[in-house]
Structures are given as C-alpha cells and as structure tokens.
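>>> sequence plus the predicted model coming up.
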Amino acid sequence: MAQLDKLVLTPLSALQALFSGPQKLIQKRYDKLLDYNSYLQRSTGEELDLAKKDYEALNAQLVEELQVFNRAAKKIVLNCLHCFITLLRNIMSAALQSNSAVEVPVPLSSSSICEVQNELMEEVHKLNFVKENSSATFIERKLSLEKKKPIPSPLETPHQTEGHRSKLLSTYSAELLYQAKRKCNATQEFDVDLHEGELVAVVEQKDPFGSTSRWLVDTGILKGYVYSSFLRPYNPAKAQKDVAENSFGDDDFDNISLFTFYAVYAFQARNDQELSLQEYQKVRILQFSDLSGNKEWWLAEAKGQKGYVPSNYLGKMTYA
C-alpha cells in the first residue's frame, strides 16, 4: 500500500489540484468573450478595441499553455497507470506463488519513476496559469450562478416580418444581404435562430474566435452569429419578379389555373390554423382572404393539409 500511495495516489492527487489553474483561465477567457460581445452590440472605438485585445491575449495564453499542461498531465496519468498495473501484477503473483508456472514479479524502480513524475510536475508548475492559482481555491462563477438560479428554457425566436425585411433592405447594400437556405437553430451563446427563407445582413464574416464558418448577422430583430453554410446570397431581382407575378386582379379569380401557386419563401406555421411551406413548394389556393376578409392571409392546401399562409410569401405558377 505504501508503494501504491507513493507511485499512484500522490502524483494523481497533486495533478488534480493543479486543474484549477486552467479552469480559472478558461472561465476568465469566457468572461472576456462576454465583455467583447457586449461591447460589440452597443459600442465602438476604444472600449471595443480594448475588450478585443484582452480576450485575444487570454485566448493566446490558454492555447499555448493548455497544450503543455495536457501533454504533461497525460504522461503523468500513463505513468501512474503503468505503476498501478505493475503493482497489481506483483500482488497477484505473490498470491499465486504456489503455482510454479507463475513468472517472477518484475521489480518496480520507485526512484526512477518518481524522478520522471517530478520532472513532469516541475514542467507544469512553470506555466503561468498554475503559478497564479497555486494557492487559490477555484470557484467557477458560471457554475455558482447556475446552482443559484435554474437555467431558463430558451425562448422561441420570433418570425421575421415584412417590417424587419424592409428595414434590412433599406439599411444594407445588396451584397451584404443573404437568405437562410434552411432552418438554423442556435448552438452556442450569441447564436441566433433562423427560419428558412428569412433575410439577414452580414455584419462580419467571422466570429470572435476568428472562425470564418460563423458570421455575425443582423436579422432586423437582433444581431448574432449563424453558420455561413446555412446562408445563400439574396437575389433581389428574383424576389421582385416573384412579387410582380404574384399580383393579379379580381377578374382573374375565374381562371382556375391561377389558383395554383408556389412558396417564394419558406413559412413555418405558428399555430394549428397556419400551414407550413417549404421554399418552391406547390400549393393550391382555396380562398384569397381569411375569415375576416384580410387578403394578406390566404387559405391554402398542400399535401392534403390546409391552413393560412401570408400572401406575400407566394408566387403564381406559370404554364407553357
């Protein structure tokens, strides 16, 4: 048991005590990221630059030192595992000495393995985040807050309205406008949900980590990050053509061919009275208004399902 304590339990316990260093630096970097994103939403100039520099400095330190820490920790754990297996084999051999076929126990050099472990520990102790936290008790702010307050369930992102689309069209140039190819759910903090067909303006083609796979976008409702693979460039000429084809007079209602339309944009139903549509999906119009006579909502049928859809999401089918 003395060898087990010396060669396995003691180095593992010492290593475990050092994990507070990188954990605290990870939390500190996370806090700086929150600060940076907060300034990103409401500030420019010196405050934004300072917050960005603070975050980038902590991130660089973490990336560099965490690799050294992980390599050393892995070696220490593997050495402890080797010692544990060797000690266990020796114990089993001693218990079966009456069997002549048992091999002679392999002697374990305590001095050499301890020397290796000590060298690895010294390497870890040279890291800045270990020096700064060698005597501190780590309490992660995020976890303490989560224990005090229940995690709220995420709120559903409101659907984009024509007002939001008009705001984006009037505020941003055409080359900055993109459209959601399909529904996109937020996966990280500061991400935004997008419904298929919704319009966004790209504010920056990278996230705070420098990754170009997540873009900062304006939905007309709020700003947040979304994966660029969910977006395609917005084609205003096509949209205007669809709207023009969508307009017709009351006399046209007698022509049965005009009752068949397609979805210019995808639409996600919000209640049982509405009908979800995929982009370019063919629909049949049963009534060109709702029960109150509002012509902005039409009663449509698709794949045997009936419900109301916004009329400005529909385009008229043309026939050769």
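Now that the structure is in, tell me what you want to look at.

>>> isn't Asp290 right up against Val309?
No - the pair Asp290 and Val309 does not pass the contact test of C-beta atoms under 8 Å, sitting 10.4 Å apart. To be clear about C-beta, it is placed using only N, CA and C from the backbone, and glycine gets the same treatment.

>>> what is in contact with those two at once?
Listed contacts common to Asp290 and Val309 are 297-298; contacts here mean C-beta atoms under 8 Å, 6 or more residues apart in numbering.

>>> of those two, who's got more company?
When neighbours are counted by other C-beta atoms under 10 Å, Val309 comes out ahead of the other of Asp290 and Val309, with 22 against 14.

>>> is it true that that one lies in a strand?
Yes - Val309 sits within a strand when classified using DSSP: H, G, I helix; E, B strand; the rest coil.

>>> contacting residues around Leu120?
72, 75-76, 79.

>>> out of those, which comes closest to Asn271?
The closest of the contacts of Leu120 to Asn271 turns out to be Ala72 (C-beta to C-beta; 57.6 Å).

>>> tell me the first helix or strand C-terminal of the helix or strand containing the closest one.
Ala72 is part of helix 46-95, with elements assigned from DSSP states H and E. Going down the chain from helix 46-95, the next helix or strand is helix 110-125, by DSSP H and E.

>>> extract the C-alpha set from that next one and format it as PDB.
What follows is helix 110-125, C-alpha atoms only, in PDB (Å, rounded to 0.1, in the frame of the first residue of the first chain):
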ATOM      1  CA  SER A 110      10.500   3.700  -7.300                       C
ATOM      2  CA  SER A 111      13.300   6.100  -7.600                       C
ATOM      3  CA  SER A 112      13.400   6.300 -11.400                       C
ATOM      4  CA  ILE A 113       9.600   6.600 -11.800                       C
ATOM      5  CA  CYS A 114       9.400   9.300  -9.100                       C
ATOM      6  CA  GLU A 115      12.100  11.200 -10.800                       C
ATOM      7  CA  VAL A 116      10.200  11.200 -14.100                       C
ATOM      8  CA  GLN A 117       7.000  12.300 -12.400                       C
ATOM      9  CA  ASN A 118       8.800  15.100 -10.500                       C
ATOM     10  CA  GLU A 119      10.200  16.400 -13.800                       C
ATOM     11  CA  LEU A 120       6.800  16.500 -15.300                       C
ATOM     12  CA  MET A 121       5.300  18.300 -12.300                       C
ATOM     13  CA  GLU A 122       8.100  20.900 -12.500                       C
ATOM     14  CA  GLU A 123       7.200  21.500 -16.100                       C
ATOM     15  CA  VAL A 124       3.600  22.000 -15.200                       C
ATOM     16  CA  HIS A 125       4.400  24.300 -12.300                       C
END
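
>>> and it, how far from the chain's centre?
Using C-alpha atoms, centre = their mean, to the nearest Å, the distance from the centre of helix 110-125 to the centre of the chain it belongs to is 39 Å.

>>> what residues sit buried inside that helix?
Within helix 110-125, the residues that qualify as buried by neighbour count (16 or more other C-beta atoms under 10 Å) are 113-114, 117, 120-121, 123-124.

>>> any of the contacts of Leu120 buried? List them.
Of all the contacts of Leu120 considered here, the ones buried according to neighbour count by 16+ other C-beta under 10 Å are 72, 76, 79.

>>> from those, which is closest to Ala174?
Distance from Ala174 was checked for each of the buried ones among the contacts of Leu120 by C-beta to C-beta. The minimum falls on Ala72, at 53.4 Å.

>>> where does that closest one land on pLDDT?
Looking at Ala72, its pLDDT reads 86.

>>> quick check: it vs Leu222, distance?
Here Ala72 is placed at a distance of 43 Å from Leu222 (C-beta to C-beta, to the nearest Å).

>>> packing partners for the helix holding Ala72?
If contacts are counted by 3 or more C-beta pairs under 8 Å, 6 or more residues apart in numbering; DSSP states H and E, helix 46-95 sits against helix 2-4, helix 10-18, helix 20-42, helix 110-125, helix 128-131.

>>> among those, which is nearest Pro158?
helix 20-42 (18.0 Å).
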